[in-house]
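> With the sequence up front, the predicted model follows.
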Amino acid sequence: MAREGIPTWTYALVVVRLGRRFLLVQESHHGQKWYLPAGRVEPGEGIAEAAIRETLEESGLSVVLEGLLRVEHSVSPLGARVRVFFVARPADDSAPKEVADLHSLQAKWVGLDELDHLPLRSSEVKSVLDYVSRGGQVFPLSMLSPEGAPWRGPAG
């Protein structure tokens with residue numbers, strides 16, 4: 001007997017770092033609070049692609065992904081949610097966007113000392129940025145691979 005699939009929503013969240021500062025976006029929803037560039041993976045899109053796209057849409061910045069921080073999988077009676085946290089750096093020296101659009105109101109670089117002065121969407125923003133600033137473990141992007149990809153050892 002065939003089983004029904006479990007509805008699963010997958011999200012990419014991106015910690016973009018520039019020296020001692022981090023990129024935050026002021027969301028046009030969720031009470032217009034500040035959060036990491038983040039969003040849902042679209043059909044036919046990879047998680048890494050979504051991370052790059054969401055960061056560009058919400059902040060106006062192109063980024064280069066550098067690694068993975070964490071993969072979260074949460075289940076509920078209605079389905080499941082997967083969140084993948086990436087670390088990235090700006091691809092160039094462009095400034096974050098300052099003009100609101102449907103993706104966000106604005107974006108800016110902030111230091112850890114500025115977080116207490118911003119209305120954050122969640123306390124997890126501060127936790128994640130603190131973790132990264134203290135040198136928390138970042139895993140290689142190769143940890144994320146498509147199903148069926150060849151297994152490679154340390155030598156490649």
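Received, thanks.
> where do the helices sit along the chain?
47-59, 124-133 (DSSP state H).
> How about residues contacting the first one?
Counting by CB atoms under 8 Å, 6 or more residues apart in numbering, helix 47-59 makes contact with 10-14, 16, 23, 25, 27, 37-42, 45, 61-63, 65, 84, 86, 88, 96-97, 103-104, 107, 141, 144, all of which sit outside it. (Each C-beta comes from the backbone N, C-alpha and C, glycine too.)
> switch the cut-off to 6 Å
Identification of contacts with helix 47-59 by CB atoms under 6 Å, 6 or more residues apart in numbering yields 12, 14, 23, 25, 37, 39, 41, 62-63, 65, 84, 86, 96, 103-104, 107.
> Show me the residues you listed that map onto strands.
The strands, defined by DSSP state E, take in 12, 14, 23, 25, 39, 63, 65, 84, 86, 104, 107 from the contacts of helix 47-59.
> For the first one, which non-adjacent residue is spatially closest?
Using CB to CB, 6 or more residues apart in numbering and skipping the chain neighbours, the partner closest in space to residue 12 is residue 51 (3.8 Å).
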